[in-house]
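Enquirer: Sequence and predicted structure, then a few things I'm wondering about:
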Amino acid sequence: MLITILLVAIVIVALIVIIAMQPTDFTITRSAAIPAPASLLFDQVNDFHNWQAWSPWARLDPAAKNTFSGAPSGEGAIFNWSGNSKVGEGKMTLLKSRQNNLIQIKLEFFKPFKATNMVEFTFAPGGDITMVTWTMTGKNNFMAKAFVMVMNCDKMIGGMYEKGLANLKTVTDEMTAKR
């Protein structure tokens with residue numbers, strides 16, 4: 001019995017050490033070349049009111065309660081949401097907005113877990129195509145380190161970013177076609 005308890009304790013300690021040794025910082029990034037002017041893409045991201053048309057999370061819970069405050073768009077704009085278990089509850093605050101170039105957002109999750117991360121969109125025009133890059137950076141606490149050992153967050157969140165960028169392309173394609 002004592003040997004069993006000792007072996008279980010060793011396994012638990014080893015697991016704690018392995019989890020603690022996982023990277024603290026994380027970065028998830030995806031890019032897409034979108035055939036649209038940087039100004040059109042920038043305007044879609046710079047105004048949280050537009051996100052319902054292209055955000056992959058908006059499609060996971062169309063009935064989510066969304067509220068907007070602060071500036072109508074750009075620096076100081078705030079978007080709060082509260083939805084089902086797939087989208088949870090949180091807040092985005094647009095911190096930096098450099099026309100057709102960069103948008104930085106503070107992303108706060110309240111449910112199903114608490115976390116604060118930074119999100120950045122960059123827009124690099126090149127002829128008729130703009131390279132849009134969507135990046136999230138943050139820090140993993142102990143529980144998040146344990147979670148990433150069993151769940152590939154880069155694949156999960158990155159996949160959502162890929163869908164969002166594809167949706168953004170579709171939205172801007174439709175806007176360009178109407179012009």
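Expert: Here it is on my side, so go on.

Enquirer: Now for the residue nearest the centre of the chain: which residues touch it?
Expert: Nearest to the mean C-alpha position of the chain, by CA atoms, centre = their mean, lies residue 136 at 5.6 Å. With contacts defined as CB atoms under 8 Å, 6 or more residues apart in numbering, the neighbours of residue 136 are 27, 28, 29, 107, 117, 118, 119, 120, 157, 161. For glycine as for every other residue, the C-beta is placed from the backbone atoms N, C-alpha and C.

Enquirer: Select from those residues every entry located in helices.
Expert: Counted as lying in helices by DSSP state H, out of the contacts of residue 136, are 157, 161.

Enquirer: And the contacts of residue 136, which of them are buried?
Expert: 28, 107, 117, 119, 120, 157, 161 (16 or more other CB atoms under 10 Å).

Enquirer: which one of these sits closest to residue 101?
Expert: The closest of the buried ones among the contacts of residue 136 to residue 101 turns out to be residue 120 (CB to CB; 11.0 Å).

Enquirer: is that closest one in a bridge, and if so with what?
Expert: In this entry, residue 120 is beta-bridged to residue 104, residue 135, by DSSP bridges.

Enquirer: and if you look at residue 96?
Expert: residue 104.

Enquirer: What distance do you get for it to residue 130?
Expert: As judged by CB to CB, to the nearest Å, residue 96 and residue 130 stand 19 Å apart.

Enquirer: ok, those two, which is more surrounded?
Expert: Using other CB atoms under 10 Å, the more surrounded residue of residue 96 and residue 130 is residue 130, with 23 against 13.

Enquirer: which residues does the residue lying closest to the more buried one once chain neighbours are set aside contact?
Expert: Once flanking residues are discounted, residue 130 sits nearest to residue 38: 4.5 Å by CB to CB, 6 or more residues apart in numbering. Contact partners of residue 38, counting by CB under 8 Å, 6+ apart, are 100, 101, 123, 124, 125, 130.

Enquirer: So which of the residues you listed is the closest to residue 64?
Expert: residue 123 (26.8 Å).

Enquirer: May I ask which helix or strand of this protein has the lowest mean pLDDT?
Expert: Ranked by mean pLDDT, DSSP states H and E, the weakest helix or strand in the chain is helix 142-150, scoring a mean of 65.

Enquirer: How are the helices of this structure distributed by residue range?
Expert: With DSSP H as the criterion, the chain has helices spanning 2-20, 38-46, 56-60, 142-150, 153-178.

Enquirer: For the ones you listed, give me CSV that also has distance to residue 88.
Expert: Listed next are the helices of the chain as CSV, based on distance: least, CB to CB, whole Å:
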stretch, distance to residue 88
helix 2-20, 23
helix 38-46, 21
helix 56-60, 9
helix 142-150, 14
helix 153-178, 13
